[in-house]
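Trainee: Task: produce atomic coordinates for the following.
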Amino acid sequence: MLANKFKLGLGAALLAATLASNMAFAEEKFVAITAIVEHPALDSVRDGVIEALEKNGYTDGKNLELKYQSAQGNTGTAAQIARQFIGDKPDAIVAIATPSAQAVVAATKQIPVVYSAVTDPVAAQLVSTVEAAGGNVTGVSDVLELEKQVDLIKRVVPNAKKVGMVYNPGEANSAVVVKRLQELLPKEGMELIEASAPRSVDVGAAARSLIGKVDVIYTNTDNNVVSAYEALVKVGNEADIPLIASDTDSVKRGAIAALGINYKDLGIQTGEIVVRILKGENPGTIPSQTSSKLELYVNPAAAKNQGIELPEDLLKSAAVIVE
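Mentor: The predicted model follows:
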């Protein structure tokens, strides 16, 4: 009788251990993250995603497998990473910035994809609508109200008539912003002067081509430009051309001012969507989101380097003054 009880007890223990093991295995998740390039804004998005996962109990090396790869600014590499990640069969892929998101979305209709730091997901053909679009894609846009960007340009350089913009014409985000500025600026008595930078190494030359032609240079969140922002700052400082950005991290690197999104917060917002998907929610039922939290950063030293004296009201309204 004791032997039988022992066998039954042992069997129950083995069954419990097996069930526990299976439950632990079932709880393990796999998230792949890719970005078109590494620069402070996109790195902050990645860090925010990871922070949100950890906050919700998903820890790399415990109950989460996490992979990250950057395409180093190369769209061909972005496509390779997309194919590799799809072959790995993760529970979700986070694609940071438009080129990486386009590469992933083009390669899979099954694996959930969460994009982030994409200005116009509809124009980029990631989703058909910013409402719940069905399918396997949702995410968070970093779209900005360009009227507020134009207002910032006027506050920093009140007499500006010609606004320069260095951008990659092959990046859908930037093409959308250029088109919109071409519509907005003439209403304010201003004109957009464009300079093409298809690669990060082209940014300095594109900026130099604007010397003598513009009163100010505005940059959106174009990934080529942001990844090589120091080249733009060099031209701005040498030629006394004020630089206004939409990426707040660019102010730390030498822009005079930016009214932009906190990209760490954007990443956290993105990560919360990933958590919903890991818990079983269908990405097609989740509407695309945007961030409404804008912060004004100003850099008085950069203003001095670029021949501008910042108005007191601008300094007082800044969330962050870069020293």
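
Trainee: which stretches of the stretch 201-323 of the chain form strands?
Mentor: Ranges of strands in the stretch 201-323 of the chain, per DSSP state E, counting those that start in this stretch, are 216-219, 243-245, 257-261, 289-290, 294-298, 320-321.

Trainee: can you list those strands in JSON lines and add mean pLDDT and distance to residue 186?
Mentor: In short, each C-beta sits where N, CA and C put it, glycine included. Shown next, in JSON lines, are the strands of the stretch 201-323 of the chain (pLDDT from 0 to 100; distance: least, C-beta to C-beta, whole Å):
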{"stretch": "strand 216-219", "mean pLDDT": "98", "distance to residue 186": "15"}
{"stretch": "strand 243-245", "mean pLDDT": "98", "distance to residue 186": "18"}
{"stretch": "strand 257-261", "mean pLDDT": "95", "distance to residue 186": "21"}
{"stretch": "strand 289-290", "mean pLDDT": "94", "distance to residue 186": "26"}
{"stretch": "strand 294-298", "mean pLDDT": "95", "distance to residue 186": "25"}
{"stretch": "strand 320-321", "mean pLDDT": "96", "distance to residue 186": "32"}
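
Trainee: Need the winner for burial among these.
Mentor: Between the strands of the stretch 201-323 of the chain, strand 243-245 has the highest mean count of neighbours, a mean of 29, where neighbours are mean count of other C-beta atoms under 10 Å.

Trainee: which strands and helices sit next to that strand?
Mentor: helix 146-156, strand 216-219, helix 229-239, strand 257-261 (3 or more C-beta pairs under 8 Å, 6 or more residues apart in numbering; DSSP states H and E).

Trainee: Now tabulate these in a markdown table and tack on distance to residue 65.
Mentor: As requested, these are exported to a markdown table (distance: least, C-beta to C-beta, whole Å):
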| stretch | distance to residue 65 |
| --- | --- |
| helix 146-156 | 40 |
| strand 216-219 | 36 |
| helix 229-239 | 33 |
| strand 257-261 | 29 |
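
Trainee: before we move on, the earlier item: could you dump the strands of the stretch 201-323 of the chain into a markdown table and include distance to residue 307?
Mentor: Putting these into a markdown table (distance: least, C-beta to C-beta, whole Å) gives the following:
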| stretch | distance to residue 307 |
| --- | --- |
| strand 216-219 | 11 |
| strand 243-245 | 11 |
| strand 257-261 | 14 |
| strand 289-290 | 35 |
| strand 294-298 | 15 |
| strand 320-321 | 19 |
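
Trainee: For residue 31, which of those is the nearest?
Mentor: Nearest to residue 31, of all those, is strand 289-290, at 18.2 Å by C-beta to C-beta.

Trainee: related to what we said a few turns ago, any idea which of the helices and strands packed on strand 243-245 gets closest to residue 162?
Mentor: Comparing the helices and strands packed on strand 243-245 by C-beta to C-beta, strand 216-219 comes nearest, at 7.9 Å.

Trainee: helices or strands up against that closest one?
Mentor: Partner elements for strand 216-219 (3+ C-beta pairs under 8 Å, 6+ apart): helix 146-156, strand 162-167, helix 229-239, strand 243-245.

Trainee: Single out the most deeply packed of the ones you listed.
Mentor: Highest mean neighbour count among the helices and strands packed on strand 216-219 (mean count of other C-beta under 10 Å): strand 243-245, with a mean of 29.

Trainee: From the rest of the structure, what touches that strand?
Mentor: For strand 243-245, contacts defined as C-beta atoms under 8 Å, 6 or more residues apart in numbering pick out 149, 152-153, 156-157, 216-219, 229, 232-233, 236, 250-251, 254-258, 260, 302, 306.

Trainee: Note down every partner strand of that strand and its orientation.
Mentor: Strand 243-245 has the following sheet partners, assigned by DSSP bridges: strand 216-219 (parallel), strand 257-261 (parallel).
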